[in-house]
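Asker: dropping a prediction and its sequence here:
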Amino acid sequence: MGDVEDVRASQAVRLFETLVQASSCRGTLQAFSTLCRQLDLDPLDHHNFYGHLKDAVRSWKVQALWTKLDKRAQNKVYGQNGACSGTRVLVVGGGPCGLRTAIELRLLGCKVVLIEKRDTFSRNNVLHLWPFAIHDLRGLGAKHFYGKFCAGSIDHISIRQLQLMLLKVSLILGVEVHVNVEFVKLLEPSEEPDAPGWRALVLPSSHSVSEFEFDVVIGADGRRNTLEGFSRKEFRGKLAIAITANFVNRNSAAEASVEEISGVAFIFNQRFFLELRDETGIDLENIVYYKDQTHYFVMTAKKHSLLEKGVLLRDFPETERLLSPENVSQDALRSFARQAADFGTGYQLPALDFAVDQQGRPDVAVFDFTCMHAAESAALIRRRRGRRLLAALVGDSLLEPFWPMGTGCARGFLAAFDTAWMIRGWRAGRAELELLAERESLYRLLPQTTSENISKNFEQYSIDPATRYPNLNSCCVRPHQVSPRTTPPAGPPAGSWSLSSRVLVSLSSREDPAVRPGLLLAWCQRQTQGYRGVRVRDLSRSWRSGLALCALIHRQRPGLIDFDALTEDDPAGNVQLALDLAQREFGVQPVTTGAELTAGAEPDKLLMVFYLTRLYQAFRDPRDPPGDSKAHTRDPPGPGPSRPSAPGWSQIVSVSVSGSKEDENSDDVPSGTENRLGDTPPGVERGGAASCADCQSWGGAVHYGRSCALWAELCIMGGAVHYGRSCAAPSVSASTWPPGEIQGLVRSAVVQETTRAVTLVR
C-alpha cells in the first residue's frame, strides 16, 4: 500500500513540475489539465482546489512555493479566503494585469472566470518592473516558475514570461481560465421570472462561459476595451514614432558582458545621439536596451531620419498613412534597428539576428504613440431588474502607459490591487456611492505614482491602499459628488453610474478650454502692479531680477517677504528666495535655481510660463498662512509700496457644473464628481500646488507637476501621466523631480493651443 502511495506522490510531483516548466500558454493549460485528471482534482471546485492540490503534491521543492502562497493568503484583508465568498467575477483579458487581478480576487474567495481571446503568449517585448512589483512577484513564487527572475540588478521581464508565470499561479489558486474565447458584450437580465442574471455574449456562442452568471466584470483587454459604459479621453501630442526590435539572445559570455541601456534621452546625453547621427544618419530622441530572453530595444525615431534612411517611403501628413504597412520598407526598418542597436551597445553584440514573432516574421515594428487613452472613470455600477453589476477597468484599458517611463506594469498592478479593494468593499455591503467615490479618488492618484513616491515598506503591501500610498487621501471624491450621467452615445448607457460631471470653464466671461499665456500674463501684471522696480511686460525678461516673483508671493502672503528689503542688485538671491518660499509655503516645486535663471540675457520663456502657471494654480485657492509665519529679510529695509489690493479669482476663472438627471425609472449608480477648483489630490498637502484631480475628471488630464493645457510633454515624461484636451485650467501638483530634469523637459516642449487638444513638439 505504501509503495502505491509513493508512486502516486512521485507522479504528482512530476506532473506538477511539468506544469511549472511549461513554456507556452497552450502547454501550460495542457499540463494543468493532465495534472487535474491524473490526480482526480476538480478545477471547478474553486473554493477547495488549492488545498486539495497542496495535499496531493508534496516535495521539499514544491513546499517552498506553498509556503509563499500561504503567507500571501493569510493576510488579514483576505478574511481567510472568505472576504468575498459568493462573489462571481468575469475577467476579460489574460494579460499581466488581468491575471494579477484574478489572483487577488481568488485570494479574496471570489469565483473567478478569466477569458482570453488568444491561446498564445507571443509578446517578446520587455517590461520594466518597479521594486514593489519585483517584491510582489517574488511573493507569488516567481523564482519557482522562472529561475532567472530579476537576478542581481535586473529589474525587467518579458511580457510573455510574466504572463506564463501569472497564468500558472492563477490556475494553482483556482482561477478558471478559458482561451480562444472572445468577449462581445454584456447581456442584461431579462424580465422573465427566474431569468438568469448578468451574463456575457462570447464567441463561440456555445462556449460554457456564455452560461456563467456574474456580479462583477473586469475589463482587462487593453486599449481596445470592449467593456461598454466607459468613455475615454484621448491624449494627443506631436508626432512620436517608436521602433521596437527583439534580437536572439544566445546567452553567450560575450552577450552577457554587454551593458544594458535603462533609458537615455537626447536632452540628457546629447553627445551620444549626435555621434549616432553623424556616424549612421540615425536621429533618435531616446533609446532603451534590456537583455532578457531576447535583446530588446525600443527607441523613438525622428520622422526625417526615417525618411532619409528609406524606412518610410513617402511623407504624409496623416499618421495612419505615414505608418501604414504599404509605406514602410521592412528591409530598411530592420537595417535601421540593427544600426541603432549596434551603435547603442558599442558594437559588442556578436550577432544581431532578429527573434521571430508569432507569425514567424522578424520581430521588429514601428508604431505611433502620438495618441494615448485613459478611461474617464475606473468603475461603474449598473442595476437592471433588481440585479446589480459592478464593472471596473484595469491595465491599459484603464490607463495606457507611456513606454519610456516604464510605468505600465507597475501602475497596472496598483490598479489591480485598488480594484480588488473596491470589490472587497462591495461584498462587505459598503454604500455604493461611497465605494465608487473612493475608487475614483484612488484612480486620480494613480497617474501620479512613481517608484519613489509610493511606500517603501513592500512587506506590508496589500490590497488596502493605505499600505501602498503615503499620505493617502481616499476622500478626494466625496459620495455626494457622485451623480448620474446620461450622455448617449459617448457616455455610459442610461441606468449606469460613472465618473460623470461636465465642467465648463469661463475665462473673462467666455468659455475657453485652457488658461492661455495671454491670460497668464494679464494676471501677473495685475498681481504685481504698483510694486517698486516691477514692470511685467512679458513672460521671460521681466522676471530676471526676481522682484516680480517676490511680488507675486508678497501679494498672496505679505507676511512671508519683506519686499521693501529687496534690491535689484541681487537677482539670483531674489529668485532663489521666491523659489524656496513657493516650494515650502505653497508646494510649488522649483524647476530651476536662482543662479541658472539669471545666468543668461533673459530667462527661458517656456520655463517661466510653466513655473508661473504652477504659481497661478497654487494661488487659486489660497489658505490662511500659519500664525507664526515671519517675513524673510536679507537686506536692510528700503522704501517700497504698501500691498495693493488683489483682484478676486472670480475675475479669472469660474467653474459651473452641469449635468442631467437620470431617468426616474432607472436605479443604477456611478462614480462621478462635481469638479471644484479647491479639490486637493491624494498625497498632496492642502497648501500644496493645485489639484491634478480637478484636471483628470474634467476630461483634460494632467498630473504630477505639470499643466495639461501647457505642458503635456512634461506630463508624460514626469511620471504622472496624463496630458490632454479641454482641461479647465492648468493643473499641477507637487513634483519631486530634480530642477535640472524638469527644466530640460520643459524646454523640449512647444505648445500649440487648439479647441479640443494640446499639440506638442517633442
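Answerer: On my side now, so go ahead.

Asker: okay, and the residue nearest to Asp283 when sequence neighbours are not counted sits in which element?
Answerer: The shortest distance from Asp283 to any non-neighbouring residue, by C-beta to C-beta, 6 or more residues apart in numbering, is to Ser305 (3.7 Å). Every residue, glycine included, has its C-beta placed from N, CA and C. Element membership for Ser305, per DSSP states H and E: helix 303-308.

Asker: and for Thr18?
Answerer: helix 2-21.

Asker: so what touches the next helix or strand after the helix holding Ser305?
Answerer: Using DSSP H and E, the helix or strand that follows helix 303-308 in sequence is helix 319-322. For helix 319-322, contacts defined as C-beta atoms under 8 Å, 6 or more residues apart in numbering pick out 239, 303, 312, 315-316, 327, 368, 370.

Asker: for the stretch 351-500 of the chain, what are the low-confidence residue spans?
Answerer: Counting by pLDDT under 70, the ranges of the stretch 351-500 of the chain that qualify are 403-405, 483-500.

Asker: where along it do the strands fall?
Answerer: Per DSSP state E, counting those that start in this stretch, the stretch 351-500 of the chain carries strands over the ranges 364-368, 371-375, 379-384, 387-393, 496-497.

Asker: does Ser210 touch Leu201 like I think?
Answerer: Yes - in this structure Ser210 lies within contact range of Leu201 using C-beta atoms under 8 Å: 7.0 Å.

Asker: between those two, who's got more neighbours?
Answerer: Ser210 (16 against 12; other C-beta atoms under 10 Å).

Asker: find the nearest non-adjacent residue to that one, please.
Answerer: Nearest in space to Ser210, with sequence neighbours left out and distances taken as C-beta to C-beta, 6+ apart, is Val202 at 5.3 Å.

Asker: what about the one you found, which SS state?
Answerer: The three-state label given to Val202 by DSSP: H, G, I helix; E, B strand; the rest coil is strand.

Asker: hang on, it packs against Phe212?
Answerer: No - the pair Val202 and Phe212 fails to qualify as a contact (C-beta under 8 Å) at a distance of 9.2 Å.

Asker: the two: which is more packed in?
Answerer: Taking neighbours as other C-beta under 10 Å, Val202 and Phe212 compare with Val202 leading, 23 against 20.

Asker: so what's that one bridging to?
Answerer: Listed by DSSP bridges, the beta-bridge partners for Val202 are Phe183.

Asker: quick check, pLDDT for it.
Answerer: At Val202, the model reports a pLDDT of 96.

Asker: next one: it from Asp215, what distance?
Answerer: According to C-beta to C-beta, to the nearest Å, Val202 stands 18 Å off from Asp215.

Asker: name the SS class of Asn124, please.
Answerer: coil.

Asker: give the contact list for the residue nearest to Ser210.
Answerer: Residues near Val202 by C-beta under 8 Å, 6+ apart: 115, 181-184, 209-210.

Asker: how near is it to Ala578?
Answerer: 61 Å.

Asker: likewise for Ala410?
Answerer: 35 Å.

Asker: who has more neighbours out of these two?
Answerer: Neighbour count, other C-beta under 10 Å: between Ala410 and Ala578, Ala578 has more, with 29 against 24.

Asker: residues touching the residue lying closest to Arg106 once chain neighbours are set aside, list them.
Answerer: Spatial nearest neighbour of Arg106, excluding adjacent residues (C-beta to C-beta, 6+ apart): Leu173 at 4.5 Å. When contacts are counted by C-beta under 8 Å, 6+ apart, Leu173 touches 49-50, 69, 103, 106-107.

Asker: for Leu90, give me phi and psi.
Answerer: phi -110, psi 120 (degrees, to the nearest 10).

Asker: residues near it, how many?
Answerer: 28.

Asker: isn't it up against Gly219?
Answerer: No - judged on C-beta under 8 Å, Leu90 makes no contact with Gly219 at a distance of 9.8 Å.

Asker: now whichever strand or helix holds Ile287: how far from the chain's centre is it?
Answerer: Element membership of Ile287 [criterion: DSSP H and E] is strand 284-291. With C-alpha atoms, centre = their mean, to the nearest Å as the basis, strand 284-291 stands 20 Å off its chain's centre.

Asker: partners of it in the sheet?
Answerer: Paired with strand 284-291 in the same sheet, following DSSP bridges, are strand 261-265 (antiparallel), strand 294-301 (antiparallel).

Asker: of all the ones you listed, which lies closest to Thr226?
Answerer: strand 294-301 (27.0 Å; C-beta to C-beta).

Asker: stretch 70-83: which residues count as buried?
Answerer: Using 16 or more other C-beta atoms under 10 Å as the test for burial, stretch 70-83 gives 72, 75, 77-79, 81, 83.

Asker: next step: these restricted to helices.
Answerer: With DSSP state H as the criterion, helices contain Arg72 from among these.

Asker: show me which of the buried residues of stretch 70-83 is closest to Gly197.
Answerer: Ala83 (21.5 Å).

Asker: how many residues are close by the nearest residue to the closest one once chain neighbours are set aside?
Answerer: Distances taken as C-beta to C-beta, 6+ apart place Leu108 nearest to Ala83, at 4.8 Å, with adjacent residues excluded. Per other C-beta under 10 Å, the neighbour tally for Leu108 reads 25.

Asker: so what's Leu108 up against?
Answerer: Leu108 neighbours (C-beta under 8 Å, 6+ apart): 77-79, 81, 83-84, 87, 420, 423-424, 427, 463.

Asker: re the thing from before, so the residue nearest to Asp283 versus Glu182, what's the distance?
Answerer: Separation of Ser305 from Glu182 (C-beta to C-beta): 39 Å.

Asker: more neighbours: which of those two?
Answerer: Ser305 (20 against 16).

Asker: quick one: pLDDT of the more buried one?
Answerer: 94.

Asker: I figured it hits Ile282, correct?
Answerer: Yes - the pair formed by Ser305 and Ile282 meets the contact definition of C-beta under 8 Å, at 5.7 Å.

Asker: ok, back up a step: for the contacts of Val202, which PyMOL command selects only the ones that are buried?
Answerer: To isolate the buried ones among the contacts of Val202 in PyMOL, judged by 16+ other C-beta under 10 Å, type:
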select buried, resi 115+181+182+183+209+210
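
Asker: out of the contacts of Val202, which is nearest to Ala416?
Answerer: Taking those together and measuring to Ala416 by C-beta to C-beta, the closest member is Ile115, at 16.9 Å.

Asker: quick one on the thing from earlier: so which of the strands paired with strand 284-291 is the most packed in?
Answerer: The highest mean neighbour count among the strands paired with strand 284-291, using mean count of other C-beta atoms under 10 Å, belongs to strand 294-301: a mean of 23.

Asker: mean confidence score for that strand?
Answerer: For strand 294-301, the per-residue pLDDT averages 92.

Asker: so that strand versus strand 364-368, what angle?
Answerer: Relative orientation of strand 294-301 versus strand 364-368 (axes from the mean of the first three to the mean of the last three C-alpha atoms, to 10 degrees): 30 degrees.

Asker: starting at the chain centroid, how far to strand 294-301?
Answerer: The answer for strand 294-301 is 21 Å, by C-alpha atoms, centre = their mean.

Asker: mind saving the C-alpha coords of it as PDB?
Answerer: These are the backbone C-alpha positions of strand 294-301, laid out as PDB (Å, rounded to 0.1, in the frame of the first residue of the first chain):
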ATOM      1  CA  THR A 294      15.800  38.500 -26.200                       C
ATOM      2  CA  HIS A 295      17.900  41.500 -26.700                       C
ATOM      3  CA  TYR A 296      15.100  44.100 -26.600                       C
ATOM      4  CA  PHE A 297      15.500  47.600 -28.000                       C
ATOM      5  CA  VAL A 298      12.900  50.400 -28.100                       C
ATOM      6  CA  MET A 299      13.600  53.800 -29.400                       C
ATOM      7  CA  THR A 300      11.800  57.000 -30.600                       C
ATOM      8  CA  ALA A 301      13.000  58.000 -34.100                       C
END
